[in-house]
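[1] Pasting the sequence and the predicted model now:
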Amino acid sequence: QKEVEQNSGPLSVPEGAIASLNCTYSDRVSQSFFWYRQYSGKSPELIMSIYSNGDKEDGRFTAQLNKASQYVSLLIRDSQPSDSATYLCAVNVNFNKFYFGSGTKLNVKP
Amino acid sequence: DAGVTQSPTHLIKTRGQQVTLRCSPISGHKSVSWYQQVLGQGPQFIFQYYEKEERGRGNFPDRFSARQFPNYSSELNVNALLLGDSALYLCASSGTGGTDEQYFGPGTRLTVT
């Protein structure tokens, strides 16, 4: 079982819609959780971090964490074509190891 | 402020050779992590260094080694290169490591022929 699982997609949404990206993780001692965006041929760019259960909002982005269910999600409101990219979920385990999912490809159609 | 810098941008090596990749973290950051990313996959954790000490190691063979210098820059060395080592090598910078947010550099694209 992989430490971090993501649906590879592609997830297609129309412009202006809400995109919902999901991630599950296997290690219960995971401490912190991150979402990155990666455009083709570029390095990952940090979108948000979340450390405790609940929701965290930053502009059009909302991260949701449920440690009991070992589940973290990212909502993108008012999706734009420029949001089309691969979204990577990352989990920190034991303070010093990071595991990434394989990413979900998002296509926002104009 | 300058972000994370990596050099070189691209590199072509032959099987069996050795390679050294370099990374300078964001000013004020003391921790550097290295990742390998092959096409279609997420980054795989190789090492984390903080204050010149190795803090974490991923599941990579001993051919991979790294070090961090007093100015917090870092080098990743890979010996006896294999074709499967062809990948994008990413360096990430964070304040103190641990659970801190990590910021990635542009990466070094390594091709092994």
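    Thanks, I have it.

[2] Now the residue positioned nearest the centre of chain B: closest residue in space that isn't a chain neighbour?
    Among the residues of chain B, the smallest C-alpha distance to the mean C-alpha position (CA atoms, centre = their mean) belongs to B:Trp34, namely 3.1 Å. Nearest residue to B:Trp34, sequence neighbours excluded (CB to CB, 6 or more residues apart in numbering or on different chains): B:Ile46, at 4.3 Å. The way it works is simple: take the backbone N, C-alpha and C, and place the C-beta from them, glycine included.

[3] where does chain B have low pLDDT?
    B:1 (pLDDT under 70).

[4] hey, where'd the strands end up in it?
    Using DSSP state E, the strands found in chain B span residues B:5-7, B:10-13, B:19-24, B:31-37, B:44-50, B:53-57, B:64-68, B:74-78, B:87-94, B:103-104, B:108-112.

[5] So what touches the first one?
    Under the criterion CB atoms under 8 Å, 6 or more residues apart in numbering or on different chains, residues B:21-24, B:89-91, B:105-108 lie in contact with strand B:5-7.

[6] Over to the last one?
    Applying CB under 8 Å, 6+ apart, the set of residues contacting strand B:108-112 from outside is B:6-15, B:17, B:19, B:21, B:78, B:81-89.

[7] Quick one: buried ones out of those?
    B:6, B:13, B:19, B:21, B:78, B:81, B:85-89 (16 or more other CB atoms under 10 Å in any protein chain shown).

[8] Relative to chain A, which of those residues is nearest.
    Closest approach to chain A among the buried ones among the contacts of strand B:108-112 (CB to the nearest CB): B:Leu88, at 7.7 Å.

[9] residues in contact with that closest one?
    By CB under 8 Å, 6+ apart, the residues touching B:Leu88 are A:43, B:36-38, B:107-110.

[10] Weed out the non-buried ones from the residues you listed.
    For these, a burial check counting by 16+ other CB under 10 Å picks out A:43, B:36-37, B:107-110.

[11] how about those residues, which pair is most distant?
    A:Ser43 and B:Leu110 (14.2 Å; CB to CB).

[12] rewinding a little: export the buried ones among the contacts of B:Leu88 to a markdown table and tack on distance to A:Val91?
    As requested, those are exported to a markdown table (distance: CB to CB, whole Å):
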| residue | distance to A:Val91 |
| --- | --- |
| A:Ser43 | 19 |
| B:Gln36 | 17 |
| B:Gln37 | 16 |
| B:Gly107 | 21 |
| B:Thr108 | 25 |
| B:Arg109 | 26 |
| B:Leu110 | 26 |
